[in-house]
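Trainee: Predicted model and sequence below, questions to follow.
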Amino acid sequence: TFTGEMMSDYITTRSEYSDFARIVERADLMDLLSTYGHYTCFLPSNTAFASYLQQNGLSSVEELSDGMCDTIARTHLVGNMFTTLEMMDGALNTANMNRQYLQISHEKDSFDNTVTVLNKVAQIYYATQNDSVENGIVHPISAVLESYSAVLPDVMAANPRLSLFNEALKE
């Protein structure tokens, strides 16, 4: 008899992630996370969602449209497994399920641990990183990742190593 924990179990059995669980259910992705495969989930807590909802003038995840739930869920899921040791500065080498590449950087937390940062806004919690489940790896994070639609010139302008090239391109 199978006794392992799938990603869907991890998300639904921990009350601190109930908002994300509801979003994944509304996006019709919970069945996917209960099957065998290789996934990485960047998992925001209810506290992260409270901040996200407040910033967007909402009081509950139930106020999000089904389309927004789909976008949020897919932004936090990658169809490949990644440990933090495999996440180098730059971009994750596999797009998320929203077909966007997550930006990766590293910084020190308040305990002087090197932590991985996603899209410059969400830290992967050092103490709970790389939590394995039967079908992937879960990384609890400090903030909700937002989908972006930046065009190439905007991405290039945000990279300080390309500043000279950007100036030349503008001229």
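Mentor: Everything's here; your move.
Trainee: hang on, isn't residue 81 packed against residue 134?
Mentor: No - counting by C-beta atoms under 8 Å, residue 81 sits too far from residue 134 to count as a contact (11.3 Å). In short, each C-beta sits where N, CA and C put it, glycine included.
Trainee: mind listing the strands for this protein?
Mentor: In the chain, the strands defined using DSSP state E lie at 39-44, 77-78, 90-91, 103-108, 114-118, 122-123, 131-133, 136-141.
Trainee: what does the third one rub up against?
Mentor: So the one you mean is strand 90-91. 101-104 (C-beta atoms under 8 Å, 6 or more residues apart in numbering).
Trainee: again, only this time at 10 Å
Mentor: 100-105, 119, 155 (C-beta atoms under 10 Å, 6 or more residues apart in numbering).
Trainee: What segments of this protein are helices?
Mentor: Using DSSP state H, the helices found in the chain span residues 7-12, 18-26, 46-55, 66-75, 152-157, 163-170.
Trainee: Looking at the ones you listed, which is nearest to residue 128?
Mentor: helix 7-12 (11.0 Å; C-beta to C-beta).
Trainee: buried residues in that closest one?
Mentor: Using 16 or more other C-beta atoms under 10 Å as the test for burial, helix 7-12 gives 7-8, 10-12.
Trainee: likewise stretch 21-33?
Mentor: 21-27, 29-30, 32-33.
Trainee: As CSV, the strands of the chain with mean neighbour count and distance to residue 52 would be great.
Mentor: Conversion of the strands of the chain to CSV gives the following (neighbours: other C-beta atoms under 10 Å; distance: least, C-beta to C-beta, whole Å):
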stretch, mean neighbour count, distance to residue 52
strand 39-44, 25, 8
strand 77-78, 23, 17
strand 90-91, 12, 22
strand 103-108, 15, 18
strand 114-118, 19, 14
strand 122-123, 20, 10
strand 131-133, 16, 22
strand 136-141, 23, 12
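Trainee: how about the ones you listed in a markdown table, adding mean pLDDT?
Mentor: Formatted as a markdown table, the strands of the chain follow (pLDDT from 0 to 100):
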| stretch | mean pLDDT |
| --- | --- |
| strand 39-44 | 98 |
| strand 77-78 | 98 |
| strand 90-91 | 88 |
| strand 103-108 | 94 |
| strand 114-118 | 95 |
| strand 122-123 | 96 |
| strand 131-133 | 95 |
| strand 136-141 | 97 |
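Trainee: Nearest to residue 50 among the ones you listed would be which one?
Mentor: Among the strands of the chain, if distance is taken as C-beta to C-beta, the winner is strand 39-44, at 10.1 Å.
Trainee: Who does that closest one pair with, and is each partner parallel or antiparallel?
Mentor: strand 77-78 (antiparallel), strand 136-141 (parallel) (DSSP bridges).
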